[in-house]
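Trainee: what would the 3D arrangement of this be:
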Amino acid sequence: MPSFLASKQRREGASAGVILLIFLAASLCCLVAFQWYRDAALRQEIAECYQQLTGLNNQKNEMERAGKRVEEELKRVESLRERLTELDKTNKMELSRSKKELAETSLKLTRAIQEGNSYEIAYRKMTNDIVVQNESLRRLNEAYLKGIALQKDTVEKYFKLATDCEALSLKYNTLFAQAEKLQQALNAPSEKK
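Mentor: Residues are numbered from 1 along each chain as shown. The predicted structure follows:
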């Protein structure tokens, strides 16, 4: 029996070896499955990391482009600020000049208004003087016209008087001549006697 035992022991040893080999094969399969699962998870993580890295690179590129745009905008804003500063200086100088001109113009306007007021007062006085002079001239003209009418009347009366006087003188001369003739006629018969 010893050989039977030996073969049983061998069989058991062989069966233990097969079990061990099956166990090792099963363990290797589990290890391969575990590694495959882990590798799949790692590959997925790597893909996600790659996507994140690609996304981050895109964001980085976008940020760099945005940074360049911001930098260009800052340069533009800075140049605009410089232009506005120069424009502000120019405007302040222009405003100062305009204020000075306004002050001078206001002073000239005040003087012109005062001068205009004095001219207006002088004009009113002159107008009043002219009205008074016109009234005096009107009265003088009326007096002159009355004087002329009176003189004309006087001349007419004088002319009539002169005409009457001449007519009287003619009558007188005629009467005197007749009186002389009568005197001579009266004196002539007395001389004949």
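
Trainee: what segments of this structure are helices?
Mentor: Assigned by DSSP state H, the helices in the chain fall at 2-192.

Trainee: from S118, how far off is A112?
Mentor: Relative to S118, A112 is positioned 11 Å away (CB to CB, to the nearest Å). Placement of C-beta: from N, CA and C, glycine included.

Trainee: same question for Y158.
Mentor: Using CB to CB, Y158 is found at 56 Å from S118.

Trainee: again, but for R83
Mentor: Distance from R83 to S118, counting by CB to CB: 51 Å.

Trainee: now swap in A188 and tell me
Mentor: On the measure of CB to CB, A188 and S118 end up 98 Å apart.

Trainee: try Q183
Mentor: Where S118 is concerned, Q183 sits at a distance of 90 Å (CB to CB).

Trainee: one more: A177?
Mentor: Distance of A177 to S118, given as CB to CB: 83 Å.

Trainee: now swap in I19 and tell me
Mentor: To S118, I19 is 138 Å away according to CB to CB.

Trainee: ok, Q151 next?
Mentor: Applying CB to CB to Q151 and S118 gives a distance of 47 Å.

Trainee: over to Q178?
Mentor: 85 Å.

Trainee: over to K152?
Mentor: K152 is 49 Å from S118, where distance means CB to CB.

Trainee: so where's this protein uncertain?
Mentor: The chain contains residues with pLDDT under 70 at 1-14, 189-193.
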